[in-house]
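**Student:** need a structure here:
(one chain, ligands or ions: 1)
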Amino acid sequence: MNGAPQVYDIAVIGGGPAGLTAAIALAETGAKTALLARHAPYADNRTTALLGASTDLLERLDVWRRCRDQAAALQAMRLVDDTGRLIRAPEVRFSSEEIGLDQFGFNIDNRTLMAALEARAAELSGLTRFDDEAETIHPDAAEVSIGTRAGKTLAARLVIGADGRQSLSREAAGIDVRRRDLGQSALTFNIGHTHPHKNISTEFHTPHGPCVFVPLPGNRCSVVWVSAPKEAERLMALDDDELSEAAERQSHSILGRVRVEPGRNIFPLAIESPGQFARNRIALVGESAHVVPPIGAQGLNLGLRDAADIADIAGQAMSLGEDPGSPQVLARYQSARRSDVWSRTLTIDIANRSLLSDFLPMQSLRAAGLHLIGSVGPLRRLAMREGLAPSWRRVS
Ligand SMILES: Cc1cc2nc3c(=O)[nH]c(=O)nc-3n(C[C@H](O)[C@H](O)[C@H](O)COP(=O)(O)OP(=O)(O)OC[C@H]3O[C@@H](n4cnc5c(N)ncnc54)[C@H](O)[C@@H]3O)c2cc1C
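**Tutor:** Below you'll find the predicted structure:
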């Protein structure tokens with residue numbers, strides 16, 4: 001290790017979208033912040049549907065103006081039962097207009113979002129970036145010491161573990177995680193098409209999971225196609241013409257002729273829930289704190305709410321002269337995140353199970369639920385508002 005440790009109020013470990021957002025938000029509070037994250041090109045072609053308050057947060061952090069032009073507004077969402085089963089749910093359509101919004105949110109490709117976050121992070125004088133990785137993390141009574149791959153030593157009163165699914169921070173905090181493989185995989189790719197999407201995101205519910213076409217600017221959509229792992233591998237191995245044809249068939253040609261763009265990825269799906277969100281001077285944000293399948297576009301939206309909450313809580317604690325890594329401050333973060341993360345994980349899990357179930361009563365229940373949401377205005381509006389953010393977080 002090289003010399004005496006460099007000392008920070010807060011160190012963020014991991015520079016995915018959740019970690020970068022947390023680092024910017026924390027540095028904005030005036031905390032002396034370190035970010036330990038490799039500069040590396042974003043590895044896949046995923047896009048993110050940023051819902052409700054997520055773009056408000058990015059606007060407040062001076063990130064959104066840098067990427068807004070490359071995002072597509074999501075003004076309506078359509079759920080189509082494509083299970084071919086005897087008992088099918090009616091088509092349900094949610095429109096942002098109905099709850100007085102211009103749009104539910106925006107779909108943006110992660111590379112563009114990451115570039116905007118990186119650009120903002122580089123401007124902040126209170127944020128020191130280390131193009132490095134944490135190798136060891138040791139919390140003690142007064143601070144956490146971090147040894148890096150390059151041989152540096154950092155110390156911080158609070159560590160933000162934004163290091164994703166295989167989180168070393170979580171392990172160092174002594175937080176257990178429950179993991180359940182879902183036996184499903186998501187194939188992601190982008191398409192161009194001949195008919196306009198009209199800013200409508202369409203979700204086809206198949207017996208193996210949803211296949212979602214989410215608008216991108218112009219006549220383009222991103223596709224998240226959830227299926228059994230073997231089927232995802234088969235689709236992945238198709239040539240461009242074959243996959244274009246398969247996607248067009250799956251979309252029932254609502255987008256006209258489909259042409260796949262270069263770049264495909266497969267993500268095995270799982271649900272991961274840690275026992276706690278913070279412990280031993282370490283607070284978890286993003287996928288170190290929750291992994292959910294891509295149903296209802298909740299994952300990174302939850303991660304951005306984690307980032308906003310830890311910045312508010314730690315920033316306020318420091319302004320009152322409190323230690324940002326103290327058990328009291330961590331307890332506030334735990335209580336701020338618990339209901340939001342657990343309720344969303346449960347809802348997504350139930351929605352996914354109800355789709356996969358061959359059990360007739362479950363199929364009837366699902367169809368009846370969607371029928372009620374589709375036909376009862378107040379229920380539909382409640383579902384839309386809850387989909388954007390939990391009610392207790394909304395100001396109006
Ligand atoms: C198919 C698919 C579609 C999705 N669509 C949506 C959507 O529409 N809307 C939505 O809200 N969410 C969506 N999600 C979820 C979203 O993509 C994730 O929640 C988000 O990418 C997680 O970001 P993160 O920053 O927490 O983790 P990551 O992006 O995994 O970042 C973690 C970072 O930490 C780094 N790291 C790891 N260990 C260390 C270490 N020791 N030291 C330093 N750095 C380290 C890693 O290199 C990585 O860069 C989707 C997910 C999938 C799979």
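
**Student:** I'd like to know how many residues surround residue 164.
**Tutor:** Neighbours of residue 164 under the rule other C-beta atoms under 10 Å: 18. Any C-beta I mention is one placed from the backbone N, CA and C, and that applies to glycine too.

**Student:** Now the phi/psi pair for it, please.
**Tutor:** phi 70, psi -160 (degrees, to the nearest 10).

**Student:** pretty sure it is in contact with residue 288, am I right?
**Tutor:** Yes: here residue 164 reaches residue 288: they are 6.0 Å apart, a contact under C-beta atoms under 8 Å.

**Student:** which residues are in contact with both of the two?
**Tutor:** Residues touching both residue 164 and residue 288 (C-beta atoms under 8 Å, 6 or more residues apart in numbering) are residue 14.

**Student:** need the contact list for the residue in the stretch 1-150 of the chain positioned nearest to the ligand.
**Tutor:** With C-beta to the nearest ligand atom as the measure, residue 16 is the residue of the stretch 1-150 of the chain nearest to the ligand, at 2.1 Å. Counting by C-beta under 8 Å, 6+ apart, residue 16 touches 162, 164, 286, 287.

**Student:** Which residue is the nearest non-sequential neighbour of the last one?
**Tutor:** Just to be clear, that refers to residue 287. Excluding its sequence neighbours, the residue lying closest to residue 287 (C-beta to C-beta, 6 or more residues apart in numbering) is residue 164, at 4.9 Å.

**Student:** And the one you found, what's its pLDDT?
**Tutor:** Note on residue 164: pLDDT of 97.

**Student:** quick one: it and the ligand, what's the gap?
**Tutor:** Look at residue 164 and the ligand: by C-beta to the nearest ligand atom, to the nearest Å, they are 3 Å apart.

**Student:** circling back to that earlier point, the residue of the stretch 1-150 of the chain closest to the ligand and residue 51: what is the separation?
**Tutor:** 18 Å (C-beta to C-beta, to the nearest Å).

**Student:** for residue 15, same thing?
**Tutor:** Remark: distance between residue 15 and residue 51 (C-beta to C-beta) = 23 Å.

**Student:** Which of those two has more residues huddled nearby?
**Tutor:** Per other C-beta under 10 Å, whichever of residue 15 and residue 51 has more neighbours is residue 15, with 26 against 22.

**Student:** Checking the more buried one next. Helix, strand or coil?
**Tutor:** coil (DSSP: H, G, I helix; E, B strand; the rest coil).

**Student:** in stretch 309-328, what's buried?
**Tutor:** For stretch 309-328, burial by neighbour count (16 or more other C-beta atoms under 10 Å) applies to 309, 310, 311, 312, 313, 314, 315, 317, 318, 323, 324, 325.

**Student:** Let me see the contact set for the residue of the stretch 151-300 of the chain found nearest the ligand.
**Tutor:** When scored by C-beta to the nearest ligand atom, the stretch 151-300 of the chain has residue 286 as its residue closest to the ligand, at 2.2 Å. Contacts of residue 286 were listed using C-beta under 8 Å, 6+ apart, and they are 14, 16, 17, 18, 19, 22, 162, 164, 300, 303, 306, 307.

**Student:** how close does the second one get to residue 295?
**Tutor:** By that I understand residue 16. 20 Å.

**Student:** dump the residue contacts of the spatially most central residue of the chain.
**Tutor:** Closest to where the C-alpha atoms of the chain average out (C-alpha atoms, centre = their mean) is residue 300, at 1.5 Å. Neighbouring residues of residue 300 by C-beta under 8 Å, 6+ apart: 17, 18, 48, 50, 54, 286.

**Student:** Number of residues surrounding the first one?
**Tutor:** Counted with other C-beta under 10 Å, residues neighbouring residue 17 total 23.

**Student:** Tell me who's in contact with it.
**Tutor:** If you count contacts by C-beta under 8 Å, 6+ apart, residue 17 has them with 48, 110, 113, 114, 117, 286, 300, 303, 304.

**Student:** Next, count neighbours for the fourth one.
**Tutor:** Just to be clear, that refers to residue 114. Residue 114 has 18 nearby residues by other C-beta under 10 Å.

**Student:** give me phi/psi at it?
**Tutor:** Phi and psi for residue 114, reported as degrees, to the nearest 10, are phi -60, psi -40.

**Student:** Using the three-state scheme, assign residue 340.
**Tutor:** Residue 340 - assigned by three-state DSSP - is helix.

**Student:** what's the answer for residue 26, then?
**Tutor:** helix.

**Student:** for it, what are its contacts?
**Tutor:** 10, 12, 33, 160, 310, 311, 314, 315.

**Student:** Among those residues, which ones are in helices?
**Tutor:** Residues of the contacts of residue 26 located in helices (DSSP state H): 310, 311, 314, 315.

**Student:** Quick check: of the residues you listed, which lies closest to the ligand?
**Tutor:** Nearest member of the ones in helices among the contacts of residue 26 to the ligand, counting by C-beta to the nearest ligand atom, is residue 310, at 12.8 Å.

**Student:** That closest one: what's it in contact with?
**Tutor:** Contacts for residue 310 (C-beta under 8 Å, 6+ apart) come out as 22, 25, 26, 160, 283, 285, 333.
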